[in-house]
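Q: Sequence below, structure please.
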Amino acid sequence: MGWNWRNGFQEVANTRPLFLTIYATVVIGVIFSSFYVFSAIYSKPLVDSSISWLSSPPSAISSHNVDSHPTEPALNFSRSATVGLTTGPQSVLMPPIWQVPSQTKKMPPLKAFQLTKELVQQRVKDNVIIVTFGNYAFMDFILTWVKHLTDLGLSNLLVGAMDTKLLEALYWKGIPVFDMGSHMSTVDVGWGSPTFHKMGRQKVVMIDSFLPYGFELLMCDTDMVWLKNPLPYFARFPEADVLTSSDQVIPTVVDDRLDIWQQVSGAYNIGIFHWRPTDSAKKLAKAWKEMLIADDKIWDQNGFNDLLHKQLGPPVDEESGLVYAFDGNLKLGILPASIFCSGHTYFVQATYQQFRLEPYAVHTTFQFAGTEGKRHRLREAMVFYDPPEYYDSPEWNEFMHKLPFPAGTGGFLSFKPSIPKSLLLDGQHTIESHFSLVNYQMKQIRTALAIASLLDRTLVMPPLWCRLDRLWFAHPGVLEGSVTRQPFICPLDHVFEVNVMLKELPEEEFGPQIDIKEYSFFDNPSLPRQVKDSWLDVKLCQEGSKDCHASNGTSPQGILRFPKRSNEETFKTVFSSFKDVKVIQFSTMQDAFLGFSDKANKGTEIQEPCEAVCWYMVLCD
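A: Alright, predicted model coming up:
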């Protein structure tokens with residue numbers, strides 16, 4: 001407190017007794033109050049991050065706590081001092097991440113969440129701040145993004161909220177958040193939409209607002225995750241003004257050096273880039289913002305690329321890999337796509353595995369099923385954080401039925417895919433051999449979807465093998481110069497339109513909806529023990545052979561022998577005895593199901609695979 005306690009009490013001793021009493025009372029009161037305040041701030045135990053980030057906010061923001069109609073226009077970030085904030089390492093408004101505020105505590109007013117230097121200062125460490133932003137539709141992506149960073153020991157992060165609903169939800173989960181004043185819709189806006197482009201422009205304005213604060217800025221999209229602490233890597237290039245990721249799919253290096261700028265043909269991707277608060281970086285950010293404000297038809301990423309390519313070269317030196325760009329003064333580095341991965345170098349090429357490198361990040365680009373496809377890819381890679389209910393909860397399944405995507409409630413169904421070696425490995429990798437392989441797998445999945453519908457179970461998709469890549473432009477099957485192996489396990493959105501499969505469709509036309517899970521579902525460490533321990537193996541057999549008949553009796557090993565080509569009624573009768581079993585796994589789907597008998601709803605036969613919602617239908621006979 002800056003007092004000299006000894007001199008203070010000596011002075012008291014020389015005063016009259018009345019003043020001594022008053023003075024002592026005040027001192028004791030100050031000590032007691034200080035003790036109480038510090039106890040209130042620091043005595044609350046940190047909530048386990050594996051649980052607290054999934055918790056729900058206790059209540060909605062009341063109208064008297066938050067101004068629901070701020071007067072600030074969109075794209076306006078205030079730099080005025082925020083009321084009630086300090087510049088220390090922590091504050092009441094900015095407690096440790098994941099420390100959930102007391103449910104009896106009122107939410108601070110909206111103006112307390114304005115972007116200011118003082119607010120950012122509370123989270124900065126080693127002069128670096130890590131930032132993402134989004135609306136409420138990306139809440140689960142943001143939670144995943146934050147969880148990965150905190151698991152890596154990084155707490156110098158902030159999330160920009162584009163709507164009040166997200167700001168409220170993040171605050172009640174203990175995540176540092178600031179208000180972007182965007183008044184944006186809380187729903188998914190879709191890639192390429194006008195609102196999507198508006199989001200991109202706000203990112204640029206935000207960068208232009210952050211840099212004058214004097215902090216290094218690591219700006220990220222929400223549809224990416226951090227797998228390794230990147231800050232030591234960025235520190236290797238102290239001269240760089242900007243370090244950016246790219247859409248490069250052909251490796252230019254096989255180690256962890258920066259990509260060779262002369263060989264990079266892919267666009268610089270603004271989903272992951274690091275800015276230093278240099279004059280050159282500030283000049284670039286300002287020029288970028290002015291370009292986008294002047295012409296609302298320019299895509300933010302294209303504008304960024306155009307500016308940097310105004311002048312590209314010469315190299316800054318012979319060693320670093322940096323290059324002069326933009327105005328000839330800005331020092332640019334292109335992050336290696338093998339470890340700062342795109343959706344292609346991570347999910348398709350698995351470049352980092354082939355080069356024996358540790359990836360720093362994965363960004364869900366190069367995919368074909370919108371937000372649902374991005375979420376599914378991250379789940380396939382087991383890097384997406386879902387609540388425990390995602391893995392096993394009747395209440396969760398009941399809730400899922402009310403959402404705009406399918407939800408099974410009877411446990412899980414899986415099968416062991418059967419693929420002949422000739423389809424997988426023999427012959428040339430051609431369109432014909434690729435489609436023969438894919439359609440062979442689709443027939444099995446088609447049957448599994450039918451059985452999952454019969455038994456009201458969620459289908460755990462099998463891994464899918466492809467011989468050729470999928471891209472939105474003409475290509476030779478596998479991009480020349482890439483390291484894509486043939487065959488390879490391809491993402492589900494390479495074969496199925498995941499966003500359509502997860503879309504609520506009229507039951508009278510499409511039948512009961514079927515929920516699906518990613519192929520890695522059973523390998524996920526988050527899968528609870530009660531699911532792994534509740535398992536029934538079903539071995540298909542030829543009816544009439546030994547111990548092969550339609551019954552619910554299992555072998556001593558817990559295996560159920562079930563006749564091939566069984567009809568709908570047989571499935572329902574036999575498996576009604578196993579409703580409480582969490583997982584039913586079939587040994588194969590070859591000839592497993594004879595077909596539906598309900599002609600009014602499903603027809604007598606299962607649709608051919610090329611009639612399914614799938615991009616391969618164009619090659620059907």
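
Q: so what's Phe575 closest to, chain neighbours aside?
A: Excluding the flanking residues, the one nearest Phe575 by Cβ to Cβ, 6 or more residues apart in numbering is Leu455, at 5.4 Å. C-beta coordinates here come from the backbone N, C-alpha and C atoms, glycine included.

Q: Burial check on the one you found, number of neighbours?
A: 20 (other Cβ atoms under 10 Å).

Q: next one: Ile334
A: Around Ile334 there are 28 residues (other Cβ under 10 Å).

Q: next one: Pro314
A: If we define neighbours as other Cβ under 10 Å, then Pro314 has 9 of them.

Q: ok, so what distance separates the closest residue to Phe522 other than its chain neighbours from Thr570?
A: Nearest non-adjacent residue to Phe522, counting by Cβ to Cβ, 6+ apart: Val460, 6.6 Å away. Distance, Val460 to Thr570, using Cβ to Cβ, to the nearest Å: 23 Å.

Q: of the two, who's got more company?
A: Val460 (21 against 16).

Q: quick check: domain ranges of this protein?
A: 122-362, 389-586 (the TED database).

Q: quick one: the closest residue to Phe521 other than its chain neighbours from Gln557, how far?
A: Excluding the flanking residues, the one nearest Phe521 by Cβ to Cβ, 6+ apart is Val460, at 4.9 Å. Distance of Val460 to Gln557, given as Cβ to Cβ: 22 Å.

Q: again, but for Phe141
A: Between Phe141 and Gln557 the computed distance is 43 Å (Cβ to Cβ).

Q: for Ser246, same thing?
A: 53 Å.

Q: So for those two, which sits in the more crowded spot?
A: Taking neighbours as other Cβ under 10 Å, Ser246 and Gln557 compare with Ser246 leading, 26 against 7.

Q: got the contact list for the more buried one?
A: By Cβ atoms under 8 Å, 6 or more residues apart in numbering, the residues touching Ser246 are Asp259, Val264, Gly266, Ala267, Tyr268, Asn269, Ile334, Leu335, Ala337, Ser342.

Q: so can I have a markdown table of those residues showing distance to Arg377 and secondary structure?
A: Output for the contacts of Ser246, formatted as a markdown table (distance: Cβ to Cβ, whole Å; DSSP: H, G, I helix; E, B strand; the rest coil):
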| residue | distance to Arg377 | secondary structure |
| --- | --- | --- |
| Asp259 | 23 | coil |
| Val264 | 24 | coil |
| Gly266 | 19 | coil |
| Ala267 | 20 | coil |
| Tyr268 | 22 | strand |
| Asn269 | 16 | strand |
| Ile334 | 24 | strand |
| Leu335 | 20 | coil |
| Ala337 | 17 | coil |
| Ser342 | 11 | coil |
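
Q: in the stretch 51-200 of the chain, what spans have low per-residue confidence?
A: Within the stretch 51-200 of the chain, the segments meeting pLDDT under 70 span 51-94, 183-200.

Q: okay, now the nearest residue to Lys117 once chain neighbours are set aside: neighbour count?
A: Nearest residue to Lys117, sequence neighbours excluded (Cβ to Cβ, 6+ apart): Tyr213, at 4.4 Å. Neighbours of Tyr213 under the rule other Cβ under 10 Å: 18.

Q: Tyr213 contacts Ile207, doesn't it?
A: No - in this structure, Tyr213 is not within contact of Ile207 by Cβ atoms under 8 Å, at 11.2 Å.

Q: List of residues touching stretch 524-534?
A: Contacts to stretch 524-534, defined as Cβ under 8 Å, 6+ apart, come from residues 382, 385-386, 388, 390-392, 411-412, 521-522, 580-583.

Q: What distance do you get for the residue positioned nearest the centre of the chain to Arg377?
A: The centroid of the chain falls nearest to Phe141 when counting by Cα atoms, centre = their mean (3.8 Å). Applying Cβ to Cβ, the value for Phe141 to Arg377 is 12 Å.

Q: ok, now Lys147?
A: Lys147 is 17 Å from Arg377, by Cβ to Cβ.

Q: Can you give me every residue that contacts the closest residue to Ile334 other than its chain neighbours?
A: Of all residues not flanking Ile334 in the chain, Asp259 sits nearest, at 4.3 Å (Cβ to Cβ, 6+ apart). Asp259 is in contact with Ser246, Gln248, Thr252, Val253, Gly321, Ile334, Leu335, Pro336, Ala337, counting by Cβ under 8 Å, 6+ apart.

Q: Please repeat the previous calculation with a cut-off of 7 Å.
A: Contacts of Asp259 were listed using Cβ atoms under 7 Å, 6 or more residues apart in numbering, and they are Ser246, Gln248, Thr252, Val253, Ile334, Leu335, Pro336, Ala337.

Q: Surely the last one touches Gly343?
A: What it means is Ala337. No - with contact defined as Cβ atoms under 7 Å, Ala337 does not count as touching Gly343 (10.8 Å).

Q: out of the two, which sits in the more crowded spot?
A: For Ala337 versus Gly343, the count of surrounding residues by other Cβ under 10 Å is larger for Ala337: 28 against 22.

Q: where's the spatially closest residue to that one that is not a sequence neighbour relative to Thr345, distance?
A: Nearest non-adjacent residue to Ala337, counting by Cβ to Cβ, 6+ apart: Gln248, 4.3 Å away. For Gln248, the distance to Thr345 (Cβ to Cβ) stands at 8 Å.

Q: so what sits against both of these two?
A: Here Gln248 and Thr345 have Ala337 as joint contacts, going by Cβ under 7 Å, 6+ apart.

Q: Which residue of these two possesses the greater neighbour count?
A: The residue with more neighbours, out of Gln248 and Thr345, is Thr345; 31 against 26, by other Cβ under 10 Å.

Q: Let me see the confidence value for that one.
A: With respect to pLDDT, Thr345 has a value of 98.

Q: ok, now the one 4 residues further on?
A: You'll see Gln349 listed with a pLDDT of 97.
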